[in-house]
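Chemist: sequence? don't have it. structure:
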(Lines give C-alpha, C1' and ligand atoms only; values in the text may rest on other atoms or scores of the structure.)
Protein backbone atom coordinates (compact mmCIF):
# COMPACT_ATOMS: atom_id res chain seq x y z
CA UNK A 1 0.00 0.00 0.00
CA UNK A 2 1.43 3.40 -0.97
CA UNK A 3 2.42 5.78 1.81
CA UNK A 4 0.38 8.94 2.07
CA UNK A 5 2.03 12.17 3.18
CA UNK A 6 0.11 15.23 4.49
CA UNK A 7 1.51 18.41 2.94
CA UNK A 8 0.34 22.04 3.10
CA UNK A 9 -1.12 23.51 -0.08
CA UNK A 10 -3.10 26.58 -1.08
CA UNK A 11 -6.26 26.45 -3.12
CA UNK A 12 -8.07 28.90 -5.33
CA UNK A 13 -9.76 30.46 -2.31
CA UNK A 14 -6.42 31.50 -0.81
CA UNK A 15 -6.84 29.34 2.30
CA UNK A 16 -3.96 27.13 3.37
CA UNK A 17 -4.99 23.55 3.92
CA UNK A 18 -3.51 20.13 4.15
CA UNK A 19 -3.50 18.11 0.96
CA UNK A 20 -2.39 14.54 0.33
CA UNK A 21 0.60 13.20 -1.53
CA UNK A 22 1.52 9.64 -2.43
CA UNK A 23 5.28 9.02 -2.64
CA UNK A 24 5.92 12.75 -2.75
CA UNK A 25 3.49 13.69 -5.52
CA UNK A 26 0.84 16.21 -4.49
CA UNK A 27 -2.72 15.15 -5.18
CA UNK A 28 -4.34 16.78 -8.20
CA UNK A 29 -7.42 17.80 -6.14
CA UNK A 30 -6.12 19.50 -2.97
CA UNK A 31 -8.53 19.87 -0.09
CA UNK A 32 -8.18 23.65 -0.42
CA UNK A 33 -10.30 23.51 -3.54
CA UNK A 34 -13.05 21.99 -1.42
CA UNK A 35 -13.32 25.02 0.91
CA UNK A 36 -16.85 25.74 1.95
CA UNK A 37 -18.47 29.09 1.24
CA UNK A 38 -18.52 29.80 4.98
CA UNK A 39 -14.76 29.23 5.25
CA UNK A 40 -14.13 31.61 2.37
CA UNK A 41 -16.27 34.23 4.12
CA UNK A 42 -14.45 33.72 7.44
CA UNK A 43 -11.02 33.73 5.79
CA UNK A 44 -9.80 30.66 7.66
CA UNK A 45 -10.20 26.92 7.94
CA UNK A 46 -13.10 25.89 10.18
CA UNK A 47 -13.92 22.69 11.97
CA UNK A 48 -17.20 20.92 11.13
CA UNK A 49 -18.52 22.03 14.51
CA UNK A 50 -17.80 25.69 13.74
CA UNK A 51 -19.41 25.44 10.31
CA UNK A 52 -22.50 23.86 11.87
CA UNK A 53 -22.83 26.58 14.52
CA UNK A 54 -22.39 29.44 12.02
CA UNK A 55 -24.97 27.90 9.69
CA UNK A 56 -27.45 27.33 12.51
CA UNK A 57 -27.08 30.88 13.82
CA UNK A 58 -27.64 32.35 10.34
CA UNK A 59 -30.69 30.15 9.79
CA UNK A 60 -32.23 31.18 13.12
CA UNK A 61 -31.66 34.85 12.31
CA UNK A 62 -33.27 34.47 8.88
CA UNK A 63 -36.23 32.65 10.41
CA UNK A 64 -36.79 35.49 12.89
CA UNK A 65 -36.62 38.00 10.04
CA UNK A 66 -39.12 36.02 7.99
CA UNK A 67 -41.54 35.76 10.91
CA UNK A 68 -41.32 39.54 11.41
CA UNK A 69 -42.32 40.18 7.77
CA UNK A 70 -45.09 37.57 7.89
CA UNK A 71 -46.44 38.90 11.20
CA UNK A 72 -46.54 42.44 9.80
CA UNK A 73 -48.27 41.12 6.69
CA UNK A 74 -50.89 39.32 8.77
CA UNK A 75 -51.50 42.50 10.73
CA UNK A 76 -52.11 44.50 7.55
CA UNK A 77 -54.28 41.72 6.16
CA UNK A 78 -56.59 41.68 9.17
CA UNK A 79 -57.37 45.25 10.23
CA UNK A 80 -56.27 47.78 7.58
CA UNK A 81 -57.03 45.34 4.77
CA UNK A 82 -59.86 42.86 5.27
CA UNK A 83 -61.78 44.55 8.10
CA UNK A 84 -61.83 47.88 6.28
CA UNK A 85 -62.87 46.06 3.10
CA UNK A 86 -65.78 44.43 4.91
CA UNK A 87 -66.79 47.81 6.36
CA UNK A 88 -66.67 49.40 2.90
CA UNK A 89 -68.80 46.61 1.38
CA UNK A 90 -71.43 46.84 4.12
CA UNK A 91 -71.70 50.61 3.54
CA UNK A 92 -72.03 50.09 -0.23
CA UNK A 93 -74.67 47.40 0.27
CA UNK A 94 -76.67 49.57 2.66
CA UNK A 95 -76.97 52.32 0.04
CA UNK A 96 -77.05 50.04 -3.03
CA UNK A 97 -74.45 52.31 -4.63
CA UNK A 98 -70.85 51.52 -5.51
CA UNK A 99 -69.81 55.18 -5.10
CA UNK A 100 -71.18 55.58 -1.56
CA UNK A 101 -67.77 55.03 0.10
CA UNK A 102 -64.95 57.60 -0.16
CA UNK A 103 -62.40 56.53 -2.81
CA UNK A 104 -59.62 57.16 -0.29
CA UNK A 105 -61.02 54.40 1.95
CA UNK A 106 -61.25 51.92 -0.91
CA UNK A 107 -57.71 52.73 -1.96
CA UNK A 108 -56.49 52.42 1.65
CA UNK A 109 -57.97 48.93 1.75
CA UNK A 110 -56.29 47.99 -1.52
CA UNK A 111 -52.92 49.45 -0.52
CA UNK A 112 -52.94 47.54 2.76
CA UNK A 113 -53.80 44.29 0.99
CA UNK A 114 -51.39 44.56 -1.94
CA UNK A 115 -48.39 46.24 -0.31
CA UNK A 116 -49.01 45.62 3.38
CA UNK A 117 -50.06 41.96 3.21
CA UNK A 118 -48.80 40.34 0.02
CA UNK A 119 -45.90 42.78 -0.40
CA UNK A 120 -44.62 42.00 3.10
CA UNK A 121 -44.94 38.26 2.39
CA UNK A 122 -42.98 38.63 -0.84
CA UNK A 123 -40.19 40.61 0.81
CA UNK A 124 -39.91 38.20 3.74
CA UNK A 125 -39.89 35.07 1.60
CA UNK A 126 -37.49 36.78 -0.81
CA UNK A 127 -34.98 37.65 1.91
CA UNK A 128 -35.15 34.09 3.22
CA UNK A 129 -35.13 32.05 0.03
CA UNK A 130 -33.83 33.91 -3.04
CA UNK A 131 -30.13 34.11 -2.03
CA UNK A 132 -30.24 30.38 -1.20
CA UNK A 133 -31.98 29.41 -4.41
CA UNK A 134 -29.55 31.52 -6.45
CA UNK A 135 -26.59 30.05 -4.50
CA UNK A 136 -25.39 33.56 -3.78
CA UNK A 137 -21.88 34.16 -2.50
CA UNK A 138 -21.37 36.49 0.48
CA UNK A 139 -24.66 36.72 2.41
CA UNK A 140 -26.35 40.06 2.87
CA UNK A 141 -25.97 41.90 6.17
CA UNK A 142 -29.01 41.22 8.32
CA UNK A 143 -29.26 44.83 9.46
CA UNK A 144 -30.15 45.84 5.90
CA UNK A 145 -33.08 43.42 5.93
CA UNK A 146 -34.30 44.77 9.27
CA UNK A 147 -33.95 48.29 7.90
CA UNK A 148 -36.12 47.27 4.96
CA UNK A 149 -38.72 45.78 7.34
CA UNK A 150 -38.81 48.91 9.49
CA UNK A 151 -39.11 51.37 6.62
CA UNK A 152 -41.61 49.24 4.67
CA UNK A 153 -43.90 48.53 7.62
CA UNK A 154 -43.90 52.14 8.85
CA UNK A 155 -44.51 53.51 5.34
CA UNK A 156 -47.48 51.23 4.61
CA UNK A 157 -49.02 51.94 8.03
CA UNK A 158 -48.65 55.70 7.66
CA UNK A 159 -50.07 55.60 4.13
CA UNK A 160 -53.16 53.82 5.44
CA UNK A 161 -53.57 56.37 8.23
CA UNK A 162 -53.22 59.25 5.77
CA UNK A 163 -55.92 57.80 3.50
CA UNK A 164 -58.41 56.93 6.22
CA UNK A 165 -57.94 59.75 8.73
CA UNK A 166 -56.68 62.44 6.31
CA UNK A 167 -53.77 62.92 8.71
CA UNK A 168 -51.15 65.21 7.10
CA UNK A 169 -51.96 63.48 3.85
CA UNK A 170 -50.30 66.03 1.55
CA UNK A 171 -46.97 65.36 3.22
CA UNK A 172 -47.40 61.68 3.99
CA UNK A 173 -48.47 60.45 0.56
CA UNK A 174 -45.21 61.32 -1.25
CA UNK A 175 -43.05 60.58 1.81
CA UNK A 176 -44.50 57.10 2.36
CA UNK A 177 -44.44 56.29 -1.35
CA UNK A 178 -40.77 57.29 -1.50
CA UNK A 179 -40.01 55.24 1.62
CA UNK A 180 -41.65 52.15 0.08
CA UNK A 181 -39.50 52.55 -3.04
CA UNK A 182 -36.36 52.92 -0.91
CA UNK A 183 -37.23 49.81 1.12
CA UNK A 184 -37.68 47.81 -2.08
CA UNK A 185 -34.35 49.08 -3.41
CA UNK A 186 -32.70 47.83 -0.20
CA UNK A 187 -34.36 44.46 -0.76
CA UNK A 188 -33.15 44.22 -4.37
CA UNK A 189 -29.62 45.15 -3.37
CA UNK A 190 -29.57 42.56 -0.60
CA UNK A 191 -30.90 39.57 -2.54
CA UNK A 192 -29.08 40.21 -5.81
CA UNK A 193 -25.91 42.10 -4.93
CA UNK A 194 -23.69 39.27 -3.73
CA UNK A 195 -23.44 36.49 -6.24
CA UNK A 196 -21.09 33.56 -6.21
CA UNK A 197 -18.16 33.78 -8.61
CA UNK A 198 -19.29 30.69 -10.46
CA UNK A 199 -22.88 31.88 -10.73
CA UNK A 200 -22.29 33.76 -13.96
CA UNK A 201 -21.26 30.52 -15.66
CA UNK A 202 -24.60 28.88 -14.92
CA UNK A 203 -27.70 29.52 -16.97
CA UNK A 204 -30.49 31.07 -14.93
CA UNK A 205 -33.56 28.90 -14.43
CA UNK A 206 -36.79 30.00 -16.06
CA UNK A 207 -38.47 30.69 -12.72
CA UNK A 208 -35.72 33.19 -11.86
CA UNK A 209 -36.32 35.09 -15.10
CA UNK A 210 -40.04 35.25 -14.30
CA UNK A 211 -39.32 36.54 -10.78
CA UNK A 212 -36.92 39.14 -12.23
CA UNK A 213 -39.66 40.36 -14.58
CA UNK A 214 -42.10 40.45 -11.66
CA UNK A 215 -39.57 42.43 -9.62
CA UNK A 216 -39.34 44.98 -12.41
CA UNK A 217 -43.13 45.19 -12.33
CA UNK A 218 -42.98 45.69 -8.56
CA UNK A 219 -40.45 48.50 -9.04
CA UNK A 220 -42.57 50.08 -11.76
CA UNK A 221 -45.61 49.88 -9.51
CA UNK A 222 -43.78 51.60 -6.66
CA UNK A 223 -42.52 54.34 -8.97
CA UNK A 224 -46.04 54.85 -10.35
CA UNK A 225 -47.29 55.06 -6.77
CA UNK A 226 -44.65 57.69 -6.02
CA UNK A 227 -45.48 59.73 -9.11
CA UNK A 228 -49.22 59.55 -8.41
CA UNK A 229 -48.72 60.46 -4.76
CA UNK A 230 -46.65 63.52 -5.66
CA UNK A 231 -49.29 64.66 -8.14
CA UNK A 232 -52.17 64.15 -5.68
CA UNK A 233 -50.28 65.94 -2.89
CA UNK A 234 -49.74 68.95 -5.15
CA UNK A 235 -53.06 69.05 -6.99
CA UNK A 236 -55.65 66.81 -5.32
CA UNK A 237 -58.51 67.71 -3.02
CA UNK A 238 -58.11 64.47 -1.07
CA UNK A 239 -55.68 61.55 -0.66
CA UNK A 240 -57.05 59.41 -3.48
CA UNK A 241 -55.81 58.80 -7.01
CA UNK A 242 -58.03 60.00 -9.87
CA UNK A 243 -60.24 57.18 -11.26
CA UNK A 244 -58.42 56.84 -14.58
CA UNK A 245 -55.00 56.65 -12.95
CA UNK A 246 -56.28 54.32 -10.24
CA UNK A 247 -57.64 51.80 -12.77
CA UNK A 248 -54.28 51.66 -14.56
CA UNK A 249 -52.44 51.48 -11.24
CA UNK A 250 -54.54 48.46 -10.19
CA UNK A 251 -53.70 46.64 -13.43
CA UNK A 252 -50.00 47.30 -12.86
CA UNK A 253 -50.23 46.20 -9.22
CA UNK A 254 -52.07 42.94 -9.91
CA UNK A 255 -51.26 41.72 -13.41
CA UNK A 256 -48.01 43.66 -13.64
CA UNK A 257 -46.21 42.26 -10.61
CA UNK A 258 -48.31 40.02 -8.35
CA UNK A 259 -49.41 37.56 -11.03
CA UNK A 260 -45.87 37.08 -12.48
CA UNK A 261 -44.51 36.61 -8.95
CA UNK A 262 -46.98 33.79 -8.36
CA UNK A 263 -46.16 32.22 -11.73
CA UNK A 264 -42.44 32.37 -11.00
CA UNK A 265 -42.63 30.73 -7.59
CA UNK A 266 -45.21 28.26 -8.93
CA UNK A 267 -42.64 27.16 -11.51
CA UNK A 268 -40.13 26.63 -8.69
CA UNK A 269 -42.30 24.94 -6.05
CA UNK A 270 -45.36 23.32 -7.66
CA UNK A 271 -43.49 20.57 -9.54
CA UNK A 272 -42.13 19.47 -6.16
CA UNK A 273 -45.21 20.01 -4.00
CA UNK A 274 -47.79 18.72 -6.50
CA UNK A 275 -45.60 16.09 -8.19
CA UNK A 276 -45.99 17.77 -11.58
CA UNK A 277 -43.97 17.17 -14.70
CA UNK A 278 -41.15 19.58 -15.52
CA UNK A 279 -42.32 23.09 -16.39
CA UNK A 280 -42.32 24.02 -20.06
CA UNK A 281 -39.96 26.98 -19.74
CA UNK A 282 -40.33 28.60 -23.13
CA UNK A 283 -44.09 28.43 -22.93
CA UNK A 284 -44.04 30.09 -19.51
CA UNK A 285 -41.79 32.89 -20.77
CA UNK A 286 -44.17 33.38 -23.70
CA UNK A 287 -47.06 33.62 -21.22
CA UNK A 288 -45.17 36.28 -19.27
CA UNK A 289 -44.50 38.18 -22.50
CA UNK A 290 -48.21 38.13 -23.40
CA UNK A 291 -49.08 39.22 -19.88
CA UNK A 292 -46.64 42.13 -20.11
CA UNK A 293 -48.12 43.14 -23.46
CA UNK A 294 -51.59 43.05 -21.89
CA UNK A 295 -50.48 45.30 -19.03
CA UNK A 296 -48.93 47.77 -21.48
CA UNK A 297 -52.15 47.84 -23.51
CA UNK A 298 -54.16 48.52 -20.35
CA UNK A 299 -51.84 51.36 -19.36
CA UNK A 300 -52.38 52.86 -22.83
CA UNK A 301 -56.14 52.64 -22.41
CA UNK A 302 -56.66 49.74 -24.85
CA UNK A 303 -58.82 47.78 -22.43
CA UNK A 304 -60.35 45.09 -24.65
CA UNK A 305 -57.09 44.00 -26.35
CA UNK A 306 -55.47 44.05 -22.92
CA UNK A 307 -58.13 41.75 -21.47
CA UNK A 308 -57.80 39.30 -24.36
CA UNK A 309 -54.01 39.19 -23.96
CA UNK A 310 -54.30 38.61 -20.21
CA UNK A 311 -56.67 35.67 -20.75
CA UNK A 312 -54.34 34.18 -23.38
CA UNK A 313 -51.37 34.61 -21.04
CA UNK A 314 -53.23 32.90 -18.19
CA UNK A 315 -54.17 29.92 -20.35
CA UNK A 316 -50.61 29.58 -21.59
CA UNK A 317 -49.17 29.82 -18.08
CA UNK A 318 -51.44 26.99 -16.89
CA UNK A 319 -50.35 24.86 -19.83
CA UNK A 320 -46.70 25.68 -19.13
CA UNK A 321 -47.02 24.72 -15.45
CA UNK A 322 -48.84 21.51 -16.49
CA UNK A 323 -51.24 21.88 -13.60
CA UNK A 324 -54.05 19.80 -15.06
CA UNK A 325 -51.94 17.03 -16.58
CA UNK A 326 -51.68 13.71 -14.74
CA UNK A 327 -48.94 14.19 -12.12
CA UNK A 328 -45.60 12.45 -12.44
CA UNK A 329 -45.50 11.45 -8.77
CA UNK A 330 -47.50 11.78 -5.57
CA UNK A 331 -47.83 15.28 -4.09
CA UNK A 332 -45.96 16.20 -0.92
CA UNK A 333 -48.74 16.81 1.58
CA UNK A 334 -47.05 15.78 4.82
CA UNK A 335 -47.87 18.34 7.51
CA UNK A 336 -50.65 20.04 5.51
CA UNK A 337 -54.19 19.09 4.58
CA UNK A 338 -54.52 16.54 1.79
CA UNK A 339 -56.77 18.96 -0.16
CA UNK A 340 -53.81 21.31 -0.69
CA UNK A 341 -53.23 20.31 -4.37
CA UNK A 342 -56.93 20.76 -5.15
CA UNK A 343 -57.04 24.34 -3.90
CA UNK A 344 -53.89 25.27 -5.83
CA UNK A 345 -55.65 24.17 -9.01
CA UNK A 346 -58.84 25.97 -7.94
CA UNK A 347 -56.80 29.16 -7.60
CA UNK A 348 -55.69 28.90 -11.23
CA UNK A 349 -59.30 28.36 -12.30
CA UNK A 350 -60.08 31.67 -10.57
CA UNK A 351 -57.29 33.25 -12.61
CA UNK A 352 -59.09 32.26 -15.80
CA UNK A 353 -62.42 33.49 -14.42
CA UNK A 354 -60.86 36.85 -13.55
CA UNK A 355 -59.45 37.27 -17.06
CA UNK A 356 -62.73 36.21 -18.69
CA UNK A 357 -64.72 38.64 -16.55
CA UNK A 358 -62.27 41.34 -17.61
CA UNK A 359 -63.19 40.73 -21.26
CA UNK A 360 -66.89 40.90 -20.37
CA UNK A 361 -66.38 44.15 -18.47
CA UNK A 362 -64.41 45.65 -21.36
CA UNK A 363 -67.27 44.95 -23.77
CA UNK A 364 -69.78 46.59 -21.41
CA UNK A 365 -67.84 49.82 -21.01
CA UNK A 366 -68.93 51.49 -17.76
CA UNK A 367 -69.53 48.37 -15.69
CA UNK A 368 -68.43 48.70 -12.04
CA UNK A 369 -69.97 45.36 -11.13
CA UNK A 370 -68.18 43.41 -13.83
CA UNK A 371 -64.85 45.13 -13.14
CA UNK A 372 -65.24 44.64 -9.42
CA UNK A 373 -66.05 40.95 -9.88
CA UNK A 374 -63.01 40.52 -12.13
CA UNK A 375 -60.69 42.20 -9.62
CA UNK A 376 -62.08 40.17 -6.72
CA UNK A 377 -61.72 36.92 -8.63
CA UNK A 378 -58.08 37.82 -9.24
CA UNK A 379 -57.10 39.23 -5.84
CA UNK A 380 -59.05 36.82 -3.63
CA UNK A 381 -59.79 33.83 -5.84
CA UNK A 382 -56.30 33.56 -7.32
CA UNK A 383 -53.79 35.56 -5.27
CA UNK A 384 -55.21 35.03 -1.78
CA UNK A 385 -55.98 31.38 -2.51
CA UNK A 386 -52.37 30.82 -3.60
CA UNK A 387 -51.05 32.61 -0.51
CA UNK A 388 -53.32 30.54 1.74
CA UNK A 389 -52.23 27.31 -0.01
CA UNK A 390 -48.50 27.80 -0.57
CA UNK A 391 -47.99 29.98 2.51
CA UNK A 392 -49.21 27.31 4.91
CA UNK A 393 -47.07 24.78 3.06
CA UNK A 394 -43.70 26.58 3.14
CA UNK A 395 -43.79 29.17 5.94
CA UNK A 396 -43.74 26.71 8.87
CA UNK A 397 -40.61 25.05 7.45
CA UNK A 398 -38.96 28.39 6.65
CA UNK A 399 -39.66 29.63 10.19
CA UNK A 400 -37.27 27.33 12.01
CA UNK A 401 -38.55 23.93 10.81
CA UNK A 402 -41.89 24.30 12.58
CA UNK A 403 -44.94 22.16 11.87
CA UNK A 404 -48.23 23.74 10.76
CA UNK A 405 -50.46 24.15 13.80
CA UNK A 406 -53.61 22.62 12.28
CA UNK A 407 -54.12 21.08 8.81
CA UNK A 408 -57.87 21.09 9.53
CA UNK A 409 -57.80 24.83 10.15
CA UNK A 410 -55.96 25.14 6.83
CA UNK A 411 -58.85 23.34 5.13
CA UNK A 412 -61.37 25.58 6.88
CA UNK A 413 -59.57 28.73 5.73
CA UNK A 414 -59.34 27.56 2.12
CA UNK A 415 -62.93 26.31 1.97
CA UNK A 416 -64.34 29.50 3.50
CA UNK A 417 -62.26 31.62 1.15
CA UNK A 418 -63.52 29.69 -1.88
CA UNK A 419 -67.14 29.95 -0.72
CA UNK A 420 -66.91 33.65 0.13
CA UNK A 421 -65.21 34.48 -3.15
CA UNK A 422 -67.85 32.58 -5.14
CA UNK A 423 -70.65 34.51 -3.44
CA UNK A 424 -68.88 37.84 -3.77
CA UNK A 425 -67.94 37.55 -7.44
CA UNK A 426 -71.35 36.30 -8.56
CA UNK A 427 -73.41 38.67 -6.42
CA UNK A 428 -71.26 41.72 -7.19
CA UNK A 429 -71.80 41.26 -10.90
CA UNK A 430 -75.54 40.68 -10.44
CA UNK A 431 -76.17 43.48 -7.93
CA UNK A 432 -73.95 46.26 -9.25
CA UNK A 433 -75.09 45.70 -12.85
CA UNK A 434 -78.75 45.72 -11.84
CA UNK A 435 -79.48 42.14 -12.86
CA UNK A 436 -80.81 40.96 -9.47
CA UNK A 437 -81.78 43.12 -6.48
CA UNK A 438 -81.69 40.11 -4.13
CA UNK A 439 -77.91 39.79 -4.69
CA UNK A 440 -77.30 42.91 -2.57
CA UNK A 441 -78.37 41.01 0.53
CA UNK A 442 -75.73 38.29 -0.03
CA UNK A 443 -72.79 40.66 -0.42
CA UNK A 444 -72.33 41.26 3.34
CA UNK A 445 -72.62 37.49 3.88
CA UNK A 446 -69.77 36.92 1.46
CA UNK A 447 -67.69 39.53 3.27
CA UNK A 448 -68.20 37.88 6.67
CA UNK A 449 -67.30 34.46 5.23
CA UNK A 450 -64.10 35.83 3.71
CA UNK A 451 -63.25 37.58 6.98
CA UNK A 452 -63.67 34.24 8.76
CA UNK A 453 -61.29 32.65 6.25
CA UNK A 454 -58.70 35.36 6.85
CA UNK A 455 -59.00 34.94 10.62
CA UNK A 456 -58.55 31.16 10.31
CA UNK A 457 -55.45 31.64 8.16
CA UNK A 458 -53.96 34.20 10.55
CA UNK A 459 -54.67 32.08 13.63
CA UNK A 460 -53.13 29.01 12.02
CA UNK A 461 -49.90 30.80 11.10
CA UNK A 462 -49.78 32.71 14.39
CA UNK A 463 -50.15 29.52 16.41
CA UNK A 464 -47.52 27.89 14.22
CA UNK A 465 -45.01 30.65 14.96
CA UNK A 466 -45.69 30.45 18.70
CA UNK A 467 -44.96 26.74 18.80
CA UNK A 468 -41.41 25.62 19.47
CA UNK A 469 -39.39 24.67 16.37
CA UNK A 470 -38.93 21.03 15.61
CA UNK A 471 -35.49 20.00 16.87
CA UNK A 472 -33.44 18.16 14.30
CA UNK A 473 -30.71 16.09 15.89
CA UNK A 474 -27.67 16.18 13.66
CA UNK A 475 -24.59 14.44 14.92
CA UNK A 476 -21.18 15.85 14.13
CA UNK A 477 -20.27 12.75 12.17
CA UNK A 478 -23.14 13.66 9.81
CA UNK A 479 -21.86 17.23 9.59
CA UNK A 480 -18.39 16.01 8.66
CA UNK A 481 -19.82 13.85 5.92
CA UNK A 482 -21.64 16.77 4.24
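Modeler: Thanks, I have the structure now. As the structure is a prediction and not an experimental result, all values here were calculated from the model. Residues are numbered from 1 along each chain as shown.

Chemist: Quick one: name whatever helix or strand follows the helix or strand containing residue 350.
Modeler: Residue 350 is located in helix 340-364, with elements delineated by DSSP states H and E. Next in sequence after helix 340-364, counting helices and strands by DSSP H and E, comes helix 368-376.

Chemist: what sits up against that next one?
Modeler: Applying Cβ atoms under 8 Å, 6 or more residues apart in numbering, the external contacts of helix 368-376 come out as 98, 247, 250, 254, 354-355, 357-358, 360-361, 364, 421, 424-426, 428-433. Placement of C-beta: from N, CA and C, glycine included.

Chemist: need the helices for the stretch 151-300 of the chain, in chain order.
Modeler: Counting by DSSP state H, counting those that start in this stretch, the segments of the stretch 151-300 of the chain that form helices are 169-192, 206-235, 243-251, 259-273, 281-299.

Chemist: Please work out which of those is packed deepest.
Modeler: Per-stretch averages of neighbours, counted by mean count of other Cβ atoms under 10 Å, single out helix 259-273 among the helices of the stretch 151-300 of the chain, with a mean of 22.

Chemist: show me the contacts for the spatially most central residue of the chain.
Modeler: Closest to where the C-alpha atoms of the chain average out (Cα atoms, centre = their mean) is residue 122, at 3.5 Å. Each residue near residue 122 by Cβ under 8 Å, 6+ apart is listed here: 218, 261.

Chemist: What are the buried residues along the one helix or strand it maps to?
Modeler: Using DSSP H and E, residue 122 sits in helix 120-133. By neighbour count on 16 or more other Cβ atoms under 10 Å, the buried set for helix 120-133 is 120-131, 133.

Chemist: Need those in JSON lines (columns: pLDDT and distance to residue 343).
Modeler: JSON lines is the format used below for these (pLDDT from 0 to 100; distance: Cβ to Cβ, whole Å):
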{"residue": "120", "pLDDT": "95", "distance to residue 343": "22"}
{"residue": "121", "pLDDT": "94", "distance to residue 343": "17"}
{"residue": "122", "pLDDT": "94", "distance to residue 343": "20"}
{"residue": "123", "pLDDT": "95", "distance to residue 343": "24"}
{"residue": "124", "pLDDT": "93", "distance to residue 343": "22"}
{"residue": "125", "pLDDT": "91", "distance to residue 343": "19"}
{"residue": "126", "pLDDT": "89", "distance to residue 343": "23"}
{"residue": "127", "pLDDT": "90", "distance to residue 343": "26"}
{"residue": "128", "pLDDT": "89", "distance to residue 343": "23"}
{"residue": "129", "pLDDT": "82", "distance to residue 343": "22"}
{"residue": "130", "pLDDT": "75", "distance to residue 343": "25"}
{"residue": "131", "pLDDT": "71", "distance to residue 343": "29"}
{"residue": "133", "pLDDT": "64", "distance to residue 343": "24"}
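
Chemist: quick check, nearest of those to residue 308?
Modeler: Nearest to residue 308 out of the buried residues of helix 120-133 is residue 122 (Cβ to Cβ; 28.0 Å).

Chemist: gap between the helix holding residue 122 and the chain center?
Modeler: Centroid displacement of helix 120-133 relative to its chain, using Cα atoms, centre = their mean, to the nearest Å, is 9 Å.

Chemist: ok, the closest residue to residue 151 other than its chain neighbours to residue 239 distance?
Modeler: Counting by Cβ to Cβ, 6 or more residues apart in numbering, residue 151 lies nearest to residue 183, which is 4.2 Å off, once chain neighbours are set aside. With distances taken as Cβ to Cβ, to the nearest Å, residue 183 is found 20 Å from residue 239.

Chemist: Tell me the buried residues within the contacts of helix 368-376.
Modeler: Buried by 16+ other Cβ under 10 Å: 247, 250, 254, 354-355, 357-358, 361, 421, 424-426, 428-433, out of these.

Chemist: and for the host helix or strand of residue 314, what are the contacting residues?
Modeler: Element membership for residue 314 (DSSP H and E) is helix 303-321. Outside helix 303-321, the residues that touch it by Cβ under 8 Å, 6+ apart are 251, 255, 263, 266-267, 270, 276, 279-281, 283-284, 286-291, 293-298, 324, 348, 351-352, 355-356, 358-359, 361-363.
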